[in-house]
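A.B. asks: Here you go, sequence then predicted model.
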Amino acid sequence: MKQMLTIGWLYPELMSIYGDRGNVICLQKRCELRGIETKVLLVGLQTTEKELSSCDILLMGGAQDSQQTIVAKDLEKKKKTLSSLIESGVPGIYICGAFQFLGKYYKEADGTIVNGLGIFDLYTENPGNNFPRLIGNMAFDASGILGTAAPMIGFENHGGRTYLGLGVKPLGKVIKGFGNNGEDGTEGSVYKNSIGTYSHGPILPKNPPIADFLIQEALKKKYKQEFVLSKLDDTIAEKAKQTILDRILQ
């Protein structure tokens, strides 16, 4: 039986300012090379909850404040469905602003509290203009999701500092860069099969094992059986990653 996965790309016109389309392309290509069909559902303001519930993998990127305000209002309407998908184990990756959205709240520099969806046990605070933005190339492991200390790479650019609660674990440990808050050495979060991260760039083409985790877990959930993905030739991707790592760690 030929497998097929629906990739739900949340708010691509509003929440995709850091090349997050590359994550969708990466998933599609790695599925294609394995004979797995894909369909991309562009989840927007007009998308129904029924359509959203058909997704097998979810992706959501970051945006500027004005776009995030629009998305926040719409996500409140879709919160029950999104929460149900995440709680049931539908894999997904949520980057920067999306990562923050899924937490309990975001505290702005002036003290204003912006409530989040409360799906992830975390919160984010912006300490204000007297504190530097956390920006630059980063290296981290993904031991929280892949069980390996092998280095991953990304690019971060955020003013908010995110702090994890007991209900989530970090995606991994920072090797170089700032990660969630520049203090505790953590990067990202993992809850069920959902990943939150500050890694732009986009993250999946730079780190194929994370892409394969999402694909494998999506197949497992949809078809209710274990899947072992065929190995792809990632020689070029690994060489590119090593080149960036050498620059970051020098």
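C.D. replies: Looks like it came in fine.
A.B. asks: May I ask you to confirm that Lys104 is in contact with Glu125?
C.D. replies: No. Lys104 is not in contact with Glu125 according to Cβ atoms under 8 Å; the separation is 11.1 Å. Where you see a C-beta, it was placed from the backbone N, CA and C, and this is true even at glycine.
A.B. asks: helix, strand or coil for Gly144?
C.D. replies: helix (DSSP: H, G, I helix; E, B strand; the rest coil).
A.B. asks: Can you get me the centre-to-centre distance for stretch 72-87 and its chain?
C.D. replies: 16 Å (Cα atoms, centre = their mean, to the nearest Å).
A.B. asks: The top helix by length along the chain - contacts with which helices or strands?
C.D. replies: The helix that spans the most residues within the chain, counting by DSSP state H, is helix 65-87. Applying 3 or more Cβ pairs under 8 Å, 6 or more residues apart in numbering; DSSP states H and E, one finds that helix 65-87 contacts helix 49-52, strand 57-60, helix 97-101.
A.B. asks: same thing but 7 Å
C.D. replies: Helix 65-87 sits against helix 49-52, helix 97-101, with contacts defined as 3 or more Cβ pairs under 7 Å, 6 or more residues apart in numbering; DSSP states H and E.
A.B. asks: In the chain, where is pLDDT below threshold?
C.D. replies: Scanning the chain for pLDDT under 70 picks out the ranges 64-66.
A.B. asks: And the helices in it?
C.D. replies: Assigned by DSSP H, the helices in the chain fall at 21-32, 49-52, 65-87, 97-101, 143-146, 203-206, 208-223, 235-249.
A.B. asks: Quick one: residues contacting the closest residue to Lys220 other than its chain neighbours.
C.D. replies: Distances taken as Cβ to Cβ, 6 or more residues apart in numbering place Phe227 nearest to Lys220, at 5.6 Å, with adjacent residues excluded. Taking Cβ atoms under 7 Å, 6 or more residues apart in numbering as the contact definition, Phe227 lies against Gln216, Leu219, Lys220.
A.B. asks: Was I right to think Ala218 contacts Met4?
C.D. replies: No. Applying Cβ atoms under 7 Å, one finds Ala218 not in contact with Met4, separated by 10.4 Å.
A.B. asks: Give the burial count for Glu51, as a bare number.
C.D. replies: Applying other Cβ atoms under 10 Å, we find 16 residues neighbouring Glu51.
A.B. asks: Repeat that for the one 4 residues further on.
C.D. replies: Number of residues near Cys55 (other Cβ under 10 Å) recorded here: 25.
A.B. asks: And stretch 105-125, what's buried?
C.D. replies: Within stretch 105-125, the residues that qualify as buried are 105-108, 116-117, 119-125, counting by 16 or more other Cβ atoms under 10 Å.
A.B. asks: How about Gly22: what's its closest non-neighbour residue?
C.D. replies: That would be Pro202: by Cβ to Cβ, 6+ apart, it lies 3.7 Å from Gly22.
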